[in-house]
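>>> Using only what follows, build the 3D model:
(one chain, ligands or ions: 1)
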Amino acid sequence: MTTRTPIKHLAALDDGTVTVSGWVEKVRDQKAVQFVILRDESGSLQLVAPRADAPEALQESISGVSLGSFVSVTGQLKHDERVKLGGIEVKIDSIEVITASSPEAPIAEDSGIDKRMDWRFLDLRRPEANLIFRIQTTLEHAWRTYWVENDFIELHTPKLMASASESKAELFEVGYFETKAYLAQSPQFFKQMAQPAGFGKIFEVGPAFRADPSFTSRHATEFTSVDSEISWIDSHEDVMKLHEDLLVAGFQAVKDKHGAEIEALFGVEVTVPSTPFPRIPLAEAKRIVAERGYEVPRHDDDMDPEGERQIAAYVKEAFDHEFVFLTDYASSIRPFYHMRHDDDPGLTKSYDLIFNGVEISTGAQREHRIDVLVEQARQKGLDPEELDFYLDFFRFGVPPHGGFGMGLSRVLMLMLHQANIRETTYLFRGPTRLLP
Ligand code: AMO
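Next up, the predicted model:
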C-alpha cells in the first residue's frame, strides 16, 4: 500500500518530506508560483511550486493536470502560520497523476439537485457530503453501542416476502420463480416474530421498500429503516422511553465528535434533546394547531405536513424542544397490529415522533391477543388466511411487546437542516431514479 499521510494528520508532523494523495480541487498558475489545492477524505491542503526552484517538467505537469484527477505528491511539509488553509503547506518535489479526470466536469457548485444526483460520486466529494456520512457512521455506531450494552439481539430479516407488511398500496411486486414475491416495506412482522421466539429485545438496521409514486423532499422508494422491538412493556410509553434514550445516545455522540464541524459547514448547532420528550395526544395537538390558525383538513385523521410543522413550532416555543411524540392515533388510520386502548377502542396505543417539524418514526404497542388481532385484521378488510403465517406467531404464547421503525436519512436530514432526503441518502431511489 502507498505510504501516504492523510491530510488531517500533517499538522501533527514536523517539517520534512511527506507523501500525500487525493484529488485536485484547484490549480492557480501564477507568474512566480503555482498553487494546487489537494483534497482527500480527511481534509484539504495547499501545495506550492515556486517557479524559481521547480524544474520545467514539474511546472508543466502541474499546469497540465485536470481538476478532479487523483494524484500522489511527494514534497516538503512546512508549518507556516500565514497559510490560511490549516497553517501548513507542502512544497512539491514530484507529482504523479494516478488517474486523470476528463477535463470537462459534468457538475459545478451551482448544479441543481437532480444533476448532482446523476453524478453523485462527484457530488459526494464535497466536504459537506463527506461529513454527512461520517455523522451517519457515528450515529449508527452510538445506537448499536446502546443496543449491545443493553442486551438487544441484532436481526437481519428477509426483504423478500410473500405478503405486504404495511399496506397493499406502495407495494413492490417481483417475479419469484413460478410465483411472485413482494419487497419488504418494513421488518414489522419478522421483528415481532422475535417476541414469541423469546429473544426479548431486538434491533435491525436495514433496507425497506415503498412503491410510493410521490416526489416529496422526504420520501424515497428505498430507505434504511432503524427498527427496535421489546418484550414485556406495559404500554407504548415504554417504547417511547427506549426511543428517547436511544436518540439521546446518538445525538450526544454526534455532538461530541462532529459538533464543531457541523457548526462550521452547516451553521447548525446540534442539540442533545432533554428527556422526557414532550408527549401530546394527537387530538390535543390538532386543537393546539387550530388555535394557531391552521385547521388540519377534515378528511385527514392524521396530521398533515403543515400540521406537523405547526405543532413543532408550538413545542419549540412552549418547551424549547425539537422533538415531540404525538400519541394515541385513531384506530381508523393505524394498522391492524396496533393495540387499542381498552377504555377507548377508537384510539391506539401508538405514536409518531416529530423532529424539527417532520415525522421521523412510528411506534406502538402491538396487539398480541390472537382473537383480538384476528378481529382487527378483519375490520381492516384483510383476509386472516393470507396473514396466517403472521397470526401463527400469536398462537403459541407471546409476551406483550412493542417497538418502532425510524427512517435513518430523515433523522440526518432534520438534524443537519437539509432541505431534501436526497442529500442525506448515499444513493437516492425514487420513482424516476434507479441510477447510479
Ligand atoms: P411507517 O410506515 O410510519 O411505520 O415508517 C416508519 C418510518 O420510516 C420512514 N419512512 C420513509 N422514509 C423515506 N421514504 C419513505 N417512503 C418512507 N416511508 C417511511 C419514516 C417513518 O416515520 N412498521 C411501522 C413501524 C413500527 O410500528 O414499528 C412502519 O413502517 O421516517
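>>> Does the closest residue to H243 other than its chain neighbours belong to a helix, a strand or coil?
Nearest residue to H243, sequence neighbours excluded (CB to CB, 6 or more residues apart in numbering): F404, at 5.6 Å. Quick note: C-beta positions are derived from backbone N, CA and C, even for glycine. Under DSSP: H, G, I helix; E, B strand; the rest coil, F404 falls in the strand class.
>>> Use 181 as the first number from now on
Taking 181 as the first residue, the last one we looked at is F584.
>>> what bridges to F584?
Beta bridges link F584 to S408, G543 when assigned by DSSP bridges.
>>> I figured it hits I413, correct?
No. Using CB atoms under 8 Å, F584 makes no contact with I413, being 11.6 Å away.
>>> Now do the shared contacts for those two.
V419 (CB atoms under 8 Å, 6 or more residues apart in numbering).
>>> Looking at those two now, which is surrounded by more residues?
F584 (25 against 21; other CB atoms under 10 Å).
>>> which residues does that one contact?
Contacts of F584 (CB under 8 Å, 6+ apart): D407, S408, V419, H423, L533, S541, T542, G543, A544.
>>> try 6 Å this time
V419, H423, S541, G543 (CB atoms under 6 Å, 6 or more residues apart in numbering).
>>> who's in contact with the first one?
Pointing back at V419 there. V419 neighbours (CB under 6 Å, 6+ apart): G543, G582, F584.
>>> Determine whether any part of the strand or helix carrying it lies close to the ligand.
Using DSSP states H and E, V419 maps to helix 416-446. No. Shown here: helix 416-446 not in contact with the ligand (CB under 6 Å from any ligand atom), separated by at least 8.6 Å.
>>> Name the residues of that helix that are buried.
Within helix 416-446, the residues that count as buried by 16 or more other CB atoms under 10 Å are 416-420, 422-424, 426-431, 433-435, 437-439, 442, 445-446.
>>> how about the residues of this protein near the ligand?
346, 366, 368, 390, 392, 399-400, 403, 405, 407, 539-544, 583-587, 590.
>>> and if we set it to 5 Å?
Selection of the chain residues close to the ligand by CB under 5 Å from any ligand atom yields 366, 368, 390, 392, 399-400, 403, 539-542, 583-585, 587, 590.
>>> which ones among those residues are found in strands?
Members of those lying in strands (criterion: DSSP state E): F403, E539, I540, S541, T542, G583, F584, G585, G587.
>>> mind listing the helices for this structure?
Applying DSSP state H to the chain gives helices spanning 236-244, 293-298, 300-303, 307-329, 368-373, 416-446, 462-471, 485-499, 550-559, 568-571, 588-595.
>>> ok so, going back, pull out the buried residues from the ones in strands among the residues of the chain next to the ligand.
Looks like these have F403, E539, I540, S541, T542, G583, F584, G585, G587 buried, using 16+ other CB under 10 Å.
>>> what's the closest non-adjacent residue to D273?
Closest residue to D273 apart from its sequence neighbours, by CB to CB, 6+ apart: G255 at 4.8 Å.
>>> what about that neighbour, how many neighbours?
G255 - counted by other CB under 10 Å - has 19 other residues nearby.
>>> Then the one 3 residues further on?
When neighbours are defined as other CB under 10 Å, K258 has 14 of them.
>>> Show the model's pLDDT score for the nearest residue to V495 once chain neighbours are set aside.
Sequence neighbours aside, V504 is the residue nearest to V495 in space, at 4.4 Å (criterion: CB to CB, 6+ apart). V504 carries a pLDDT value of 98.
>>> cool, and E566?
E566 carries a pLDDT score of 87 in this model.
>>> Quick one: residues contacting it.
Contacts of E566 by CB under 6 Å, 6+ apart are S343.
>>> before we move on, what about V270?
Contacts of V270 (CB under 6 Å, 6+ apart): L227, G255, L257.
>>> repeat that for 7 Å
V270 makes contact with V198, V200, L225, L227, V253, G255, Q256, L257 under the criterion CB atoms under 7 Å, 6 or more residues apart in numbering.
>>> So what's the residue count around the first one?
Using other CB under 10 Å, V198 is surrounded by 20 other residues.
>>> Same check on the second one?
The local packing of V200 (other CB under 10 Å) involves 22 other residues.
>>> The fourth one now?
Here the neighbour count serves as a burial measure; for L227 (other CB under 10 Å) it reads 21.
>>> Look up how far the ligand lies from it.
Counting by CB to the nearest ligand atom, to the nearest Å, the gap from L227 to the ligand is 42 Å.
>>> Tell me who's in contact with that residue.
Going by CB under 7 Å, 6+ apart, the list of residues near L227 reads F215, V216, L218, V253, G255, E269, V270, I272.
>>> which residues does the residue nearest to D273 form a beta bridge with?
V198, I272.
>>> which residues of the stretch 331-480 of the chain score low on pLDDT?
479-480 (pLDDT under 70).
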